[in-house]
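Chemist: Structure for the following, please:
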Amino acid sequence: MPHSANLARRVVAEATGTALLLAAVVGSGIMGERLAGGNVAIALLANTIATGAALVTLILTFGTISGAHFNPAVTLADASQGGLTWRDVPAYIAAQVVGAFAGVAAAHIMFGEPVFFLSRHARAGGAQLFSEFVAAFGLLATIWGCVRLRTAIVVPFAVASYISSAYWFTASTSFANPAVTLARAASDTFAGIRPTDVPGFIVAQLAGAFTATALFRWLAPATTREAEAVVVPHEADQDSEKENRRVIDGRAKARADSLHG
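Modeler: Coordinates of the predicted model:
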């Protein structure tokens, strides 16, 4: 298949998946806040459950097409380890950002809110920035650690579990995603963030993601060879993966024949 056609399908998958993720994050935030009667803990719990469930579903749905990054930090980390070609990175990130804003707009329309309205939800200060560093560090550590396992199916559940827990153990409620952060600035709802707080969040997220990537490159050097499995093996790599399996199977058969011959 021509690279351009393959890339187009992956980009659409990234945009669609990111849009649905943001619709879940923002929509559940609005619903939770409306139903919680002023109880912020209940609203956050509802937001957490919906986000975690959406992450598992969306990674499983789109992972075999695009890798289900839905996150520029994951895309950049994957490319830095050779799992995604650098020429594909701009298209991936653009799709993620566009999809994120589309998801916010969809959530607002569903709940009768303006399509976009700037958030006034302050998330400033060193504690918030360090929280985002920790959130992104933990996310990439989870991905790089789990991708080394033989069973790729564990990654969606591990990622969703980490983000769900980080909603509660980080002061920032774990954005951990530059595209999500940008789009949530256009939502003056429970899930929003003031536009002036966005740059600091993004810098902290990228720093956390690359610190985790560097650490795992040292902890588990083989991770670099498995980078194409972030988040799960995707369409661009399936032909080469099949060929590798044929070679491995052929060698195993040859060894078995020699032992029994």
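
Chemist: so what's T85 up against?
Modeler: When contacts are counted by Cβ atoms under 8 Å, 6 or more residues apart in numbering, T85 touches A79. All C-beta spots, glycine's among them, are computed from the backbone N, C-alpha and C.

Chemist: Now do it against S66, distance only.
Modeler: 13 Å (Cβ to Cβ, to the nearest Å).

Chemist: Give the buried residues for the longest helix along the chain.
Modeler: Longest helix in the chain, counting residues (DSSP state H): helix 3-35. By neighbour count on 16 or more other Cβ atoms under 10 Å, the buried set for helix 3-35 is 6-7, 10-11, 13-33.

Chemist: With stretch 200-208 instead?
Modeler: Within stretch 200-208, the residues scored as buried using 16+ other Cβ under 10 Å are G200, F201, I202, A204, Q205, L206, A207, G208.

Chemist: could you measure the second one against P72, distance?
Modeler: Spelled out, it's F201. Distance of F201 to P72, given as Cβ to Cβ: 12 Å.

Chemist: any residues in contact with both of these two?
Modeler: Residues within reach of F201 and of P72 at once, by Cβ under 8 Å, 6+ apart, are P178.

Chemist: lowest confidence element among the helices and strands of the chain?
Modeler: None of the helices or strands of the chain scores lower by mean pLDDT, DSSP states H and E than helix 235-260, at a mean of 49.

Chemist: what ranges of the chain fall below the confidence cut-off?
Modeler: Counting by pLDDT under 70, the low-confidence segments of the chain come to 1-5, 150, 223-261.

Chemist: That one: helices as residue ranges?
Modeler: Under DSSP H, the chain gives helices at 3-35, 40-66, 72-80, 89-110, 126-146, 154-169, 178-184, 198-219, 235-260.

Chemist: how much space between the residue nearest to F137 when sequence neighbours are not counted and I163?
Modeler: Leaving aside its chain neighbours, F137 sits nearest to G208 (3.7 Å; criterion: Cβ to Cβ, 6 or more residues apart in numbering). Separation of G208 from I163 (Cβ to Cβ) stands at 13 Å.

Chemist: which of the buried residues of stretch 200-208 lies closest to E113?
Modeler: Nearest to E113 among the buried residues of stretch 200-208: F201, at 22.4 Å, using Cβ to Cβ.

Chemist: Wait, that closest one touches T181, no?
Modeler: Yes - counting by Cβ atoms under 8 Å, F201 does reach T181; the two are 4.9 Å apart.

Chemist: tell me, what's touching the two both at once?
Modeler: Residues within reach of F201 and of T181 at once, by Cβ under 8 Å, 6+ apart, are F175, I193.

Chemist: count of neighbours near A214?
Modeler: Counted with other Cβ atoms under 10 Å, the neighbours of A214 add up to 13.

Chemist: cool, and the one 5 residues further on?
Modeler: In terms of burial, L219 registers 13 neighbours under the definition other Cβ under 10 Å.

Chemist: Could you pull up the residues touching T170?
Modeler: Contacts were defined as Cβ under 8 Å, 6+ apart; by that measure T170 touches S131, E132, V134, A135.

Chemist: Likewise for E33?
Modeler: Taking Cβ under 8 Å, 6+ apart, one finds A43, T189, F190 in contact with E33.

Chemist: Not counting residues beside it along the chain, what's closest to R9?
Modeler: The nearest residue in space to R9 (Cβ to Cβ, 6+ apart) is I65, at 6.3 Å.

Chemist: Report how many residues lie close to the one you found.
Modeler: Look at I65: counted by other Cβ under 10 Å, it has 19 neighbours.

Chemist: I'd say it and A8 touch.
Modeler: No - between I65 and A8 there is no contact under Cβ under 8 Å: 11.1 Å.

Chemist: Find the nearest non-adjacent residue to L45, please.
Modeler: L45 sits nearest to G32 (Cβ to Cβ, 6+ apart), 7.5 Å away.
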